[in-house]
Every structure is written in C-alpha cells, then in structure tokens.
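Asker: Next one to model:
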Amino acid sequence: MSETQDSTSQKAMDKDNKAASQTMPNTQDKDYEDKLTQVALALVEDVINYAVKIVEEEQNPLKNIKWMTHGEFTVEKGRKQIDEYFSKCVSKKCWAHGVEFIERKDLIHSFLYIYYVHWSLSSAGLPVAQISAGTYFTMKVSKTKPPDAPIGVSYVGDHQALVHRPGMVRFRENWQKNLTDAKYSFMESFSFLFNRV
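Answerer: Predicted structure coming up:
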C-alpha cells in the first residue's frame, strides 16, 4: 500500500513539476530570446538606416560639374569653375562665398594651384558676418598628361585633414555651419578678447 501511495504521490509531484516548468520560464531560454531580440532589432535598424541613405541619395544626388582639361586651364578659369561648383552644390542662398587664388606650387611632374573659398552666413539681423569658414581647393595640372585630360580637383575644410574630391563626396553645407558655430561659440567664451575696438 505504501508503494501505491508513493507512486501516486510521485505522479502528483511530477505533474506539479511539469506544470511549474511550463509556467516558469527557463532563464537560459529567456537570455537566448533577449539576445536574439537585440540582434534582430540591430539588424532592422541597420536596414532602415540603409534604406534612408538610399532615399536621401536619390533625392539629393551627387552634384558635380564638368571640370576643364589641362589644355584649357588658367588661374581665372579655375576660380570660375570653383564658383560654378559651389553654385550648383550649395542649396541655401544665405551662404555667401568668395574664391581667392592663393598660390601655385611647382612640383616635379605637376603644378598645384591652390584656392581658398571664404564662407559666411549672413542674415537680416547680421548682414555682415563676423565669422567665416573656409575650404582649400587644389587643382592639379600635370606636366605629362595630354591637354585633353581632365585636371585633378580636391578640397579640404579649414583645420581638417580629410581630402574630398568633387563627384565622389557630396559637399555638405553643415560642415561649414558646424565650423562657423564652433568659432562663434569660441568667440562668446572669450568675448573679452574680441570686444576690443
């Protein structure tokens, strides 16, 4: 009789354990599910970011101009082409810019023509900007390439080392805005130095 009671009570305990195991989650399964959810969310976020990037590039394609050839190059034509490039790439009309020829460097196989583009953000409240940002343009004219080959063009922002090439990188107006904002914040922090007139 005691064997029957033991087997009955064992069956009852097994039932209770089975019911408890169904209601209480296994911590290993829960950790796995959490990790799986995190991976899935990260994957979905990457896909969404990539889709947004594609849509943005379709709405704002890379803008470039047809750059002159080695045979067509003059310092003045270089200045005009830089001006034309920015007229095409900069959408906000509040940015004023001026292109200035800086120097010509004579290298072994080429000449480097360096220009500086001054940027300022004017407004009705402040028509003459106190702060400007700049971009250095380099036009590389080879001594060995044929006259009908296009010149090499690159640019870097003020206090930056990353070299950009028109047509390969989208010129972003916020680069200039971030730089002018940083300069303005610096001036406000040290206003006692800049208010001497």
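Asker: Count residues in the vicinity of residue 49, would you?
Answerer: Per other C-beta atoms under 10 Å, the neighbour tally for residue 49 reads 10. Yep, even glycine has a C-beta here, placed from its N, CA and C like the rest.
Asker: elements contacting the strand or helix carrying it?
Answerer: Residue 49 belongs to helix 27-59 when assigned by DSSP states H and E. In terms of contacts (3 or more C-beta pairs under 8 Å, 6 or more residues apart in numbering; DSSP states H and E), helix 27-59 is packed against no helix or strand at all.
Asker: quick one: contacts of the next helix-or-strand element following it?
Answerer: Using DSSP H and E, the helix or strand that follows helix 27-59 in sequence is helix 75-89. Residues from elsewhere that reach helix 75-89, judged by C-beta atoms under 8 Å, 6 or more residues apart in numbering: 63-65, 67-68, 97, 99-101, 104, 113, 115, 117, 137, 139, 166, 170-171.
Asker: are any of those residues buried, and which?
Answerer: Applying 16 or more other C-beta atoms under 10 Å to these, the neighbour count classes 64-65, 67-68, 97, 99, 113, 115, 117, 137, 139, 166, 171 as buried.
Asker: So which of these is the closest to residue 44?
Answerer: residue 171 (31.4 Å; C-beta to C-beta).
Asker: confidence score at the closest residue to that closest one other than its chain neighbours?
Answerer: Among residues not flanking residue 171 along the chain, residue 89 sits closest, at 4.4 Å (C-beta to C-beta, 6 or more residues apart in numbering). On pLDDT, residue 89 comes in at 75.
Asker: now swap in residue 18 and tell me
Answerer: 57.
Asker: The one helix or strand residue 113 maps to: partners in the sheet, and parallel or antiparallel?
Answerer: Per DSSP H and E: residue 113 is located in strand 110-121. Using DSSP bridges, the strands paired with strand 110-121 are strand 95-106 (antiparallel), strand 132-142 (antiparallel).
Asker: As TSV, those with mean pLDDT would be great.
Answerer: Below are the strands paired with strand 110-121 laid out as TSV (pLDDT from 0 to 100):
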stretch	mean pLDDT
strand 95-106	89
strand 132-142	89
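Asker: show me the contacts for the nearest residue to residue 110 once chain neighbours are set aside.
Answerer: Distances taken as C-beta to C-beta, 6+ apart put residue 142 closest to residue 110, at 4.6 Å, once the chain neighbours are dropped. For residue 142, the contact set (C-beta under 8 Å, 6+ apart) comprises 70, 109, 110, 149, 151, 152.
Asker: Just to check, the fifth one is in contact with residue 137?
Answerer: No. Here residue 151 lies out of contact with residue 137, judged by C-beta atoms under 8 Å, at a distance of 11.3 Å.
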